[in-house]
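> 3D, please:
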Amino acid sequence: MVRIGFVVEGDGEKLLIESANFRNWATQQGLEICDPVINACGGGNLCSKQIDVYITQCLNQAKPDKIVVLTDLECDPCVTAVKRRIGNQGVAKVFVAKKAVEAWFLADTQAINKWLGQTDFVEANPELTLEMPWQRLKQIVHELEQQGIKVRGPGDKLPFTKKMLKHYGFSIERAANHPHGASAKYFLEKLPNI
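The predicted structure follows:
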């Protein structure tokens, strides 16, 4: 088993990595996810000037064999720019969710349908939403309400993420299988090869 320590951008990514579903997948890949998952509390904190603090914290507390960073693209021009900003001091791999990790929620059609109480909703391009994926989730609720379908909105990000993981059965594997879930697919394909 390779022990993987995670430094993540925020609360949503932390919950995702700590989820039982993800840890079960990791175990099947011969990976052990170390605790604690280190939360940088914002993408701006994942830069070459500050990353050493989080790397040191991960090494001292989680004692991993390898350290991985999971962050969002947000408004950066490309994945390469994000990786350049973070640097690679002690980091085995930097994974970047296209736009934001909420795009992975949009890519898991089964979990999104469970949340919406629908059976046929499909987000065609979850990583290419016009606005940020979080805004797209709110827009979906608005569109359904315009059709007379009552749906509970996503609310705040942290409680919604908890619901996606615990109540709606979000699976990174399903998100990675979406034809346009490239960053989730890359994450699952490359993580076992670190």
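
> so what are the domain limits for the protein?
2-101+177-193, 103-166 (automatic domain parsing).

> export the ones you listed to CSV and tack on mean neighbour count and mean pLDDT?
The C-beta positions use only the backbone N, C-alpha and C, and glycine is treated the same way. Below are those laid out as CSV (neighbours: other CB atoms under 10 Å; pLDDT from 0 to 100):
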stretch, mean neighbour count, mean pLDDT
domain 2-101+177-193, 18, 93
domain 103-166, 17, 96
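
> just to be sure, residue 3 is in a strand?
Yes: per DSSP: H, G, I helix; E, B strand; the rest coil, residue 3 lies within a strand segment.

> which residues does it form beta bridges with?
residue 32 (DSSP bridges).

> and the most centrally placed residue in the chain, what does it touch?
Computing the C-alpha centroid of the chain and ranking residues by CA atoms, centre = their mean puts residue 101 first, at 3.7 Å. Residue 101 is in contact with 12, 13, 16, 70, 72, counting by CB atoms under 8 Å, 6 or more residues apart in numbering.

> residue 164 and residue 49, how far apart?
Separation of residue 164 from residue 49 (CB to CB, to the nearest Å): 33 Å.

> all helices for this protein, in order.
11-18, 20-28, 51-61, 79-86, 102-107, 109-116, 133-146, 157-166, 172-177, 182-190 (DSSP state H).

> quickly note the distance from residue 60 to residue 53.
Counting by CB to CB, the gap from residue 60 to residue 53 is 11 Å.

> do residue 7 as well
10 Å.

> for this structure, list the residue farthest from the centre, please.
Farthest-out residue of the chain from its mean C-alpha position, per CA atoms, centre = their mean: residue 148, at 31.4 Å.

> sweet, I'm off.
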